[in-house]
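> quick one, what's the 3D model for this:
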Amino acid sequence: MRATLVQAADKAGRRKLGYVVTHGEEILAAKAEQFSAELAAGARARAPQEPAYDEDRMLPRLIREALFHRDSERRHLAAMLIASSPFDSGVTDELLARLAGRAYPDWMRARFATLVRYLSADTHRMRMLTLVDDPSDEVAAPAIQGLGHLSLNAMSDLAVRNSLGPVWSHRERAKMYVLGMTGSPGLQAITKSRDAVDWQKAAARWWIDQGPAIRE
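Down below sits the predicted model:
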């Protein structure tokens, strides 16, 4: 049955569907394996340590699952495990380095940005801000949301507020998410501004009522 589905997908010109049927990923298995191994090696090099075993097989596997598995729940769980590891910052650095260029297709860059959202810390703030104006909403939105998981910072807060556009989109909604999650003082200003549009004022009032993220 699986072979039949793969052949049908290939004949229909939908190779990515064939990859999903074969091994649960939207990319050639060999490419997924190679990419994940290279990214894991870079992350390990950024967090040098002496493992108690000969070869670390878990980090490449988790990276591969977090980026390429067809099931969003599997990607989520893998990302959470990486976030709990000593390599979270190193993986983020590697992903941001790849996001800085345009060598990868948008769907892959969107997966990179989504994993950055899970793993990022204050040390990544400036590089994440460069993605606010990324040509792809699917890349910009999760990267912007990641800023909302960091503490309030006057510089990035002002940058997000100044970039807020009047037309609702996933990107603009993500910017309001940042302002709300960090408890931005700009929320009050938006509710009183003559220049703010209705959806911005409504979102600002909602976040003021809900309050910012609870942080330890």
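> residue nearest the centroid of this protein?
residue 114 (1.8 Å; C-alpha atoms, centre = their mean).
> separation between the closest residue to that one other than its chain neighbours and residue 201?
Setting aside the residues directly before and after it, residue 114 is nearest to residue 142 in space (C-beta to C-beta, 6 or more residues apart in numbering), at 4.5 Å. Using the backbone N, CA and C atoms, a C-beta is placed for each residue, glycine as well. According to C-beta to C-beta, to the nearest Å, residue 142 stands 25 Å off from residue 201.
> and what of residue 194?
Counting by C-beta to C-beta - residue 194 and residue 201 are separated by 10 Å.
> the helices in the chain, which residues?
Assigned by DSSP state H, the helices in the chain fall at 2-11, 15-23, 29-46, 58-68, 72-83, 88-99, 106-119, 125-129, 137-147, 154-163, 170-181, 186-192, 198-210.
> burial measure for the nearest residue to residue 49 once chain neighbours are set aside, as a count.
Counting by C-beta to C-beta, 6+ apart, residue 86 is the residue found nearest to residue 49 once chain neighbours are left out, at 6.9 Å. Using other C-beta atoms under 10 Å, residue 86 has 11 neighbouring residues.
> repeat for residue 173
14.
> ditto for the one 5 residues further on
Residue 178 is surrounded by 24 other residues when neighbours are defined as other C-beta under 10 Å.
> contact partners for it?
144-145, 147-148, 157, 160, 184 (C-beta atoms under 8 Å, 6 or more residues apart in numbering).
> what would the helices of the chain look like in CSV with mean pLDDT?
Putting these into CSV (pLDDT from 0 to 100) gives the following:
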stretch, mean pLDDT
helix 2-11, 50
helix 15-23, 46
helix 29-46, 94
helix 58-68, 96
helix 72-83, 97
helix 88-99, 98
helix 106-119, 97
helix 125-129, 98
helix 137-147, 98
helix 154-163, 97
helix 170-181, 98
helix 186-192, 97
helix 198-210, 98
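> among those, which is the most enclosed?
helix 137-147 (a mean of 23; mean count of other C-beta atoms under 10 Å).
> now for that one, which elements pack on it?
Under the contact definition 3 or more C-beta pairs under 8 Å, 6 or more residues apart in numbering; DSSP states H and E, helix 137-147 sits against helix 106-119, helix 125-129, helix 154-163, helix 170-181.
> which stretch among those helices comes nearest residue 206?
Judged by C-beta to C-beta, the one of those that comes nearest to residue 206 is helix 170-181, at 7.6 Å.
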